[in-house]
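Enquirer: Pasting the sequence and the predicted model now:
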Amino acid sequence: MSVTEYHWIGHDNSIDLILKSKAAGAAAVAVDTSSFTKITLTLDDQTIESTNQANDPIRWNQGGYATGEIRIRLDAETVNAGKHEATLVVYDATNTDGVVWVHDNDLIIQVYNDPEV
């Protein structure tokens with residue numbers, strides 16, 4: 001199932017996602033993100049990397065965040081307008097090569113030019 005998220009260039013919109021995991025025969029549950037060391041988001045051939053610092057474009061495990069929540073802010077990134085297939089990879093001490101969480105058609109990020117320009 002594909003999910004489309006939207007971003008407007010020049011605005012403070014964030015993309016808020018809840019990462020969930022599902023064991024065979026069980027319901028999906030939000031994951032504990034406290035052990036994540038890095039998250040990368042690749043849009044086409046551009047990779048955006050975050051280590052959860054105050055000004056990073058991807059944040060997780062912050063006060064007020066729900067379990068499993070990550071927030072992606074692309075306002076300080078150079079991203080072209082258009083439809084982008086996204087790949088999200090999470091890293092922790094055990095998975096130093098990263099775990100692909102979503103890939104290509106699972107997550108589409110539609111980027112629009114600033115409508116006020």
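Expert: Sure, I can see it. Numbers count the residues shown, from 1 in each chain.
Enquirer: drop to CA atoms for contacts and neighbour counts, all remaining ones
Expert: Fine.
Enquirer: so how far is G63 from the residue most central in space within the chain?
Expert: Residue closest to the mean C-alpha point of the chain, counted by Cα atoms, centre = their mean, is I72 at 5.2 Å. I72 is 16 Å from G63, where distance means Cα to Cα, to the nearest Å.
Enquirer: do the same with A24
Expert: Using Cα to Cα, A24 is found at 31 Å from G63.
Enquirer: Below-threshold pLDDT in the protein: ranges please.
Expert: 1, 104-105, 114-117 (pLDDT under 70).
Enquirer: Break down it into its strands, ranges please.
Expert: All strands of the chain, identified by DSSP state E, fall at 3-8, 14-18, 20-21, 29-30, 36-43, 46-50, 58-60, 69-73, 82-92, 99-102, 107-112.
Enquirer: what number of residues lie near D106?
Expert: 15 (other Cα atoms under 10 Å).
Enquirer: so how many other residues sit close to the residue nearest to it when sequence neighbours are not counted?
Expert: Computed as Cα to Cα, 6 or more residues apart in numbering, the closest residue to D106 that is not its neighbour in sequence is S2, at 4.3 Å. By other Cα under 10 Å, the residues close to S2 number 10.
Enquirer: I109 is in contact with S2, correct?
Expert: No. Using Cα atoms under 8 Å, S2 is not in contact with I109; the gap is 10.6 Å.
Enquirer: related to what we said a few turns ago, deepest-packed of the strands of the chain, please.
Expert: Among the strands of the chain, ranked by average contacts under mean count of other Cα atoms under 10 Å, first place goes to strand 58-60 (a mean of 24).
Enquirer: Mind giving me the packing neighbours of that strand?
Expert: Contact analysis of strand 58-60 by 3 or more Cα pairs under 8 Å, 6 or more residues apart in numbering; DSSP states H and E lists strand 46-50, strand 69-73 as its packing neighbours.
Enquirer: which one of those strands lies closest to L17?
Expert: For those, the distance to L17 is smallest for strand 69-73, at 5.4 Å, taking Cα to Cα.
Enquirer: and the angle for that closest one with strand 3-8?
Expert: Angle, strand 69-73 to strand 3-8, by axes from the mean of the first three to the mean of the last three Cα atoms, to 10 degrees: 40 degrees.
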